[in-house]
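In: requesting a structural model of the entry that follows:
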Amino acid sequence: MDVPLEKAKQAILDGGAQEWFAEGQMEQFRFRWQGKQSRVTSTIADLAKKEPTTFLDFARGFVPLFSRREECLRDGRAFTVGTLRRIEE
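Out: All right, here's what the predicted structure looks like:
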């Protein structure tokens, strides 16, 4: 799902992150959208001697963390766990 960068940045800021962090995330998003991290290699699997986890297995294992909406404290500011879903709101 394509989310405008400004909307994604605002969601990160609303989640309690500082400006420098949100801007760094935008830089990473731009980097990925340019296809600069699209090559897949076996380096990590070779070094770890372990097969990688599929995204589906990862998502299934972390559903509770991505779906709960409890408030947490970070750097003295409250933010909502589940920021990934807030981008869509």
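In: burial check on the nearest residue to residue 5 once chain neighbours are set aside, number of neighbours?
Out: Spatial nearest neighbour of residue 5, excluding adjacent residues (Cβ to Cβ, 6 or more residues apart in numbering): residue 26 at 5.4 Å. The way it works is simple: take the backbone N, C-alpha and C, and place the C-beta from them, glycine included. When neighbours are counted by other Cβ atoms under 10 Å, residue 26 registers 15.
In: just checking, residue 30 is part of a helix?
Out: Yes: according to DSSP: H, G, I helix; E, B strand; the rest coil, residue 30 belongs to a helix.
In: can you give me every residue that contacts it?
Out: Contacts for residue 30 (Cβ atoms under 8 Å, 6 or more residues apart in numbering) come out as residue 5.
In: now swap in residue 57 and tell me
Out: Here residue 57 is in contact with no residues (criterion: Cβ under 8 Å, 6+ apart).
In: check it and give its pLDDT.
Out: Residue 57 carries a pLDDT value of 83.
In: ok, residue 89 next?
Out: Note for residue 89: predicted pLDDT of 42.
In: just residue 86 next, same as before
Out: Listed pLDDT for residue 86 reads 44.
In: could you do residue 28 as well?
Out: In this model, residue 28 is scored at 90, pLDDT.
In: just residue 4 next, same as before
Out: Reported pLDDT for residue 4: 89.
In: gap between it and residue 10?
Out: Plainly put, residue 4 is 9 Å away from residue 10 if you go by Cβ to Cβ, to the nearest Å.
In: contacting residues for the residue nearest to residue 5?
Out: Per Cβ under 8 Å, 6+ apart, neighbours of residue 26: 5, 8, 9.
In: please apply the same query to residue 38.
Out: Contacts of residue 38 by Cβ under 8 Å, 6+ apart: none found.
In: that one: helix or strand, and which one exactly?
Out: Using DSSP states H and E, residue 38 is not contained in any helix or strand.
In: pLDDT wise, what is residue 67 at?
Out: Per-residue pLDDT puts residue 67 at 64.
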